[in-house]
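Asks: No letters, just coordinates:
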């Protein structure tokens, strides 16, 4: 098994593979501008407090990060999603290890970025967890 993802104070970063195109006010005009966004596992919510990996809470498929950064100027929201500074959730996983009823997340999985609402919209902005 690959090493597992965990709530991390060690700079674990989720990086977009494609830009988040947001509607941005430029003078009196609104223009679509691409922003490269990131999130960090330091900003995790819903991690598994009862399971520690190297002393840090396990990150399973139910966990998520609570924000992205990098698209702050695009206050009018994404061209497709309407979202600005949303959250991230794991999109896929390939493991048979379950923690607290959900698959344990491994490094280098895809994430959906800049989500909103309880389940978030499907995003075309897929990411990789980089350690």
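Replies: Alright, I've got the coordinates. All values derive from a computational prediction rather than experimental measurement.
Asks: Quick check on residue 92: phi, psi?
Replies: phi -140, psi 160 (degrees, to the nearest 10).
Asks: dump the residue contacts of the most centrally placed residue in the chain.
Replies: Closest residue to the average C-alpha location of the chain: residue 88 at 2.6 Å, with CA atoms, centre = their mean. Shown in contact with residue 88 (CB atoms under 8 Å, 6 or more residues apart in numbering): 14, 39, 64, 65, 68, 111, 112, 113, 114, 115, 127. No exception for glycine: its C-beta is placed from N, CA and C like everyone else's.
Asks: Run through the bridge partners of the nearest residue to residue 71 once chain neighbours are set aside.
Replies: Closest residue to residue 71 apart from its sequence neighbours, by CB to CB, 6 or more residues apart in numbering: residue 35 at 4.0 Å. Residue 35 forms beta bridges with residue 20, as assigned by DSSP bridges.
Asks: Surely residue 35 is in contact with residue 68?
Replies: No: using CB atoms under 8 Å, residue 35 is not in contact with residue 68, being 9.3 Å away.
Asks: Looking at those two, which is more packed in?
Replies: Using other CB atoms under 10 Å, the more surrounded residue of residue 35 and residue 68 is residue 68, with 28 against 20.
Asks: residues in contact with the more buried one?
Replies: Residues near residue 68 by CB under 8 Å, 6+ apart: 20, 37, 38, 39, 85, 86, 87, 88, 113, 114.
Asks: Take the residues you listed and write them to a markdown table, including distance to residue 78, secondary structure and pLDDT.
Replies: Shown next, in a markdown table, are those (distance: CB to CB, whole Å; DSSP: H, G, I helix; E, B strand; the rest coil; pLDDT from 0 to 100):
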| residue | distance to residue 78 | secondary structure | pLDDT |
| --- | --- | --- | --- |
| 20 | 6 | strand | 92 |
| 37 | 10 | coil | 94 |
| 38 | 16 | strand | 94 |
| 39 | 15 | strand | 93 |
| 85 | 10 | coil | 88 |
| 86 | 8 | coil | 88 |
| 87 | 13 | strand | 90 |
| 88 | 14 | strand | 91 |
| 113 | 10 | strand | 88 |
| 114 | 6 | strand | 84 |
